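Chemist: need a structure here:
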Amino acid sequence: MLVLVSGATGFVGRRLCQQLHQQGHRIGVISRDPEQAAARIGVDVMARKSAEEFADQPIDAIVNLAGAPIFGKRWSEQRKRELIDSRVSMTRSLVALCHALAEPPRVMVSGSAMGFYGDQGDRDVDEHTLPHREFAHQLCHEWEQAAAPLANSNTRLVIVRLGLVLDPEGGMLKSLLPTVRLFAGAQLSDGRQYMPWISLQDTVRALLWLMENDSAEGVYNLSAPHPVRNRELMKALGRAVHRPVPWRVPGVMLKLGLGEMSRMLLTGAAMRPRRLVGEGFHFKHETLQQALVAQLE
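Modeler: The predicted structure follows:
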């Protein structure tokens with residue numbers, strides 16, 4: 001099977017490509033630097049600069065993970081547009097590819113994120129929860145809508161709203177581990193905000209399960225069954241590396257330093273994977289302790 005992956009050189013994309021390679025699939029990737037893509041991913045891939053360049057290939061499935069990093073720059077109006085456009089433009093080009101191919105792909109698994117729901121306070125959140133309208137929701141909504149034209153086509157469309165992907169090799173955990181080990185770990189504000197999480201291993205397993213399961217269609221939350229609050233995450237991480245986490249970063253400091261982007265750290269949603277669990281997917285790491293023990297032992 002030929003699987004086309006956008007965002008293949010990213011944290012999740014690399015591991016997904018490696019797993020696809022182990023399973024014997026051929027892999028196409030869209031990269032601004034095709035010559036370096038295979039070296040960055042670590043396995044053989046067919047790399048091209050755009051989705052349109054794959055119009056001569058028999059694409060069986062697409063996994064769309066492309067998007068500019070949320071953190072790193074303050075959210076000016078220009079930066080907000082860049083964040084949205086980086087996701088929407090790639091998604092639209094993949095939809096156009098699906099329509100252009102004589103034999104369309106069987107499935108496209110297209111990314112979104114927990115930000116779709118916005119700030120949900122303490123309530124449980126599933127795939128039917130109405131969003132709180134803010135920039136994070138706008139970004140995810142436009143991202144999802146760019147894929148929507150496939151919903152009534154011959155290509156099965158799956159939208160995945162990802163939680164925080166945990167693994168020592170990338171993402172938030174890679175950033176947090178050094179600070180906690182140096183006794184500088186801290187909860188954010190009062191630490192009550194929910195942080196839905198999922199291990200990298202389960203993320204890749206779920207993406208493949210959704211890609212291969214012909215009955216899977218529509219929106220799925222990709223997070224572990226037991227979301228935790230920020231203070232619980234930091235305490236668990238401290239226990240895992242045998243360090244105390246006694247500090248607290250005042251919310252006002254985050255707001256001053258990050259501006260509107262601080263909402264991504266100070267608010268959250270107790271997002272739960274009701275559809276995944278209800279349809280038979282089994283997590284290897286259901287609890288944060290299980291994930292941290294497996295990743296840091």
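Chemist: mind listing what residue 80 touches?
Modeler: 135, 139 (CB atoms under 8 Å, 6 or more residues apart in numbering). Where you see a C-beta, it was placed from the backbone N, CA and C, and this is true even at glycine.
Chemist: show me the helices in the stretch 51-200 of the chain, by range?
Modeler: 77-100, 135-147, 171-181, 200-212 (DSSP state H, counting those that start in this stretch).
Chemist: for the ones you listed, give me CSV that also has distance to residue 164.
Modeler: Below are the helices of the stretch 51-200 of the chain laid out as CSV (distance: least, CB to CB, whole Å):
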stretch, distance to residue 164
helix 77-100, 17
helix 135-147, 13
helix 171-181, 5
helix 200-212, 10
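Chemist: lowest average pLDDT across these?
Modeler: Looking at the helices of the stretch 51-200 of the chain, the lowest mean pLDDT belongs to helix 171-181 (a mean of 93).
Chemist: residue 255 belongs to a helix, doesn't it?
Modeler: Yes - counting by DSSP: H, G, I helix; E, B strand; the rest coil, residue 255 is found in a helix.
Chemist: separation between it and residue 261?
Modeler: From residue 255 across to residue 261, the span is 9 Å (CB to CB, to the nearest Å).
Chemist: compare these two (neighbour count), which wins?
Modeler: residue 261 (21 against 16; other CB atoms under 10 Å).
Chemist: how about that one: what's its closest non-neighbour residue?
Modeler: Once flanking residues are discounted, residue 261 sits nearest to residue 75: 4.8 Å by CB to CB, 6 or more residues apart in numbering.
Chemist: for that neighbour, give me its contacts.
Modeler: Taking CB under 8 Å, 6+ apart as the test, what residue 75 contacts is 83, 135, 259-261.
Chemist: if you set the cut-off to 7 Å instead, what comes out?
Modeler: Contacts for residue 75 (CB atoms under 7 Å, 6 or more residues apart in numbering) come out as 135, 259-261.
Chemist: now the buried members of those residues.
Modeler: 135, 261 (16 or more other CB atoms under 10 Å).
Chemist: now the contacts of residue 75 as TSV including distance to residue 98 and secondary structure?
Modeler: Shown next, in TSV, are the contacts of residue 75 (distance: CB to CB, whole Å; DSSP: H, G, I helix; E, B strand; the rest coil):
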residue	distance to residue 98	secondary structure
135	29	helix
259	38	helix
260	34	helix
261	33	helix
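Chemist: mind putting the contacts of residue 75 into CSV with distance to residue 182?
Modeler: Formatted as CSV, those follow (distance: CB to CB, whole Å):
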residue, distance to residue 182
135, 32
259, 27
260, 29
261, 24
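Chemist: which pair of the contacts of residue 75 spans the longest distance?
Modeler: 135 and 259 (11.0 Å; CB to CB).
Chemist: so who does residue 134 touch?
Modeler: 118-119, 263.
Chemist: burial of the residue lying closest to residue 170 once chain neighbours are set aside, as a residue count?
Modeler: Distances taken as CB to CB, 6+ apart place residue 11 nearest to residue 170, at 3.5 Å, with adjacent residues excluded. By other CB under 10 Å, 19 other residues sit near residue 11.
Chemist: what of residue 228?
Modeler: By other CB under 10 Å, the residues close to residue 228 number 20.
Chemist: and the pLDDT at the residue nearest to it when sequence neighbours are not counted?
Modeler: Nearest residue to residue 228, sequence neighbours excluded (CB to CB, 6+ apart): residue 288, at 5.4 Å. pLDDT recorded at residue 288 is 96.
Chemist: how many residues are close by residue 288?
Modeler: If you count neighbours by other CB under 10 Å, residue 288 ends up with 22.
Chemist: doesn't residue 227 make contact with it?
Modeler: No - at 9.0 Å, residue 288 does not count as touching residue 227 under the criterion of CB atoms under 7 Å.
Chemist: spit out the residues that contact those two alike.
Modeler: Common neighbours of residue 288 and residue 227 (CB under 7 Å, 6+ apart) are residue 197.
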